[in-house]
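**Student:** pasted the sequence and its predicted model underneath.
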Amino acid sequence: SQKIEQNSEALNIQEGKTATLTCNYTNYSPAYLQWYRQDPGRGPVFLLLIRENEKEKRKERLKVTFDTTLKQSLFHITASQPADSATYLCALHTGTASKLTFGTGTRLQVTL
Amino acid sequence: DAGVTQSPTHLIKTRGQQVTLRCSPKSGHDTVSWYQQALGQGPQFIFQYYEEEERQRGNFPDRFSGHQFPNYSSELNVNALLLGDSALYLCASSHWGGQGASAQHFGDGTRLSIL
């Protein structure tokens, strides 16, 4: 069966450290993978998109890697801040149009 | 520039009733997708509209239906509500085409509670 797995346990890290979140998938062949941030009571906010032929993508303090052999994406936040505390969702895009299939998300808590 | 707006923000219904949720896409966007997000879960794709037609559908029963208007706004209708329909309903807009390599812009959702 098709699955997208993100660590369901919250990730707690200290301010200034690098947070690394994992997204593993099975029985999908995504053309694109996206990462979103979601704050409580709000809709997801787009962060980064990476294509299947790209290994790495960066945007300011964010970095995403995409390994289609391992069927895994890693999402890094460097120099993390308390304001980075949120739930982070990975989403796979397969096929045409803009349908996304989301993981369950990982909650990140950055403490002082 | 207004983003995606959804109404109402909260709604309480009883089992068996019908509900209509509304969405206005971000300015310049022509495609609207609807997602259901249960507590502690990721959003699940319901369906997508472009040029006033349903283009893709997720694994949801026919009780879920939708519509897109000429101004690109959209409605989600759910009939014969069940307790399990309680969730946050999210609308997302984007540009059609480009083989789907476009960011989805989400509204803040409608929180639907079924009693």
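**Tutor:** Structure received.

**Student:** interface residues of chain B facing chain A?
**Tutor:** Within chain B, the residues that sit near chain A (C-beta under 8 Å from any C-beta of the partner chain) are B:4, B:31, B:33, B:35, B:40-45, B:48, B:50, B:55-56, B:58, B:90, B:92, B:94, B:96, B:99-109. (Each C-beta comes from the backbone N, C-alpha and C, glycine too.)

**Student:** pLDDT score assigned to the residue nearest to A:Arg61 when sequence neighbours are not counted?
**Tutor:** Among residues not flanking A:Arg61 along the chain, A:Thr78 sits closest, at 4.9 Å (C-beta to C-beta, 6 or more residues apart in numbering or on different chains). pLDDT recorded at A:Thr78 is 98.

**Student:** which positions within stretch B:8-23 qualify as buried?
**Tutor:** Buried residues in stretch B:8-23, counted by 16 or more other C-beta atoms under 10 Å in any protein chain shown: B:13, B:19, B:21-23.

**Student:** for these, which one is nearest B:Ser74?
**Tutor:** Nearest to B:Ser74 among the buried residues of stretch B:8-23: B:Cys23, at 4.8 Å, using C-beta to C-beta.

**Student:** spit out the contact partners of that closest one.
**Tutor:** By C-beta atoms under 8 Å, 6 or more residues apart in numbering or on different chains, B:Cys23 lies in contact with B:4-6, B:32, B:34, B:73-76, B:91, B:93, B:107.

**Student:** apply the buried test to those and list what passes.
**Tutor:** Among the contacts of B:Cys23, those buried by neighbour count (16+ other C-beta under 10 Å) are B:4, B:6, B:32, B:34, B:73-76, B:91, B:93, B:107.

**Student:** return the subset of those lying in strands.
**Tutor:** B:6, B:32, B:34, B:74-76, B:91, B:93 (DSSP state E).

**Student:** make TSV from these and add pLDDT to it.
**Tutor:** Shown next, in TSV, are those (pLDDT from 0 to 100):
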residue	pLDDT
B:Gln6	98
B:Val32	95
B:Trp34	97
B:Ser74	98
B:Glu75	98
B:Leu76	98
B:Cys91	98
B:Ser93	94
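
**Student:** tell me if I'm right that B:Val4 and B:Ser24 touch.
**Tutor:** Yes: B:Val4 is in contact with B:Ser24 according to C-beta atoms under 8 Å; the separation is 6.9 Å.

**Student:** partner residues bridging B:Ala91?
**Tutor:** Ala isn't right for residue B:91; it's Cys. Residues in a beta bridge with B:Cys91, per DSSP bridges, are B:Trp34.

**Student:** distance-wise, check it relative to B:Thr110.
**Tutor:** Using C-beta to C-beta, to the nearest Å, B:Cys91 is found at 8 Å from B:Thr110.

**Student:** distance between stretch B:83-98 and the chain's centre?
**Tutor:** Between the centre of stretch B:83-98 and the centre of its chain there are 4 Å (C-alpha atoms, centre = their mean, to the nearest Å).

**Student:** flag every buried residue along that stretch.
**Tutor:** Quick answer for stretch B:83-98 (16+ other C-beta under 10 Å): B:85-96.

**Student:** likewise for stretch A:70-86?
**Tutor:** By neighbour count with 16+ other C-beta under 10 Å, stretch A:70-86 contains the buried residues A:71-77, A:80, A:84-86.

**Student:** quick one: distance of stretch A:92-112 to the chain centre.
**Tutor:** 6 Å.

**Student:** now it: mean pLDDT?
**Tutor:** 86.
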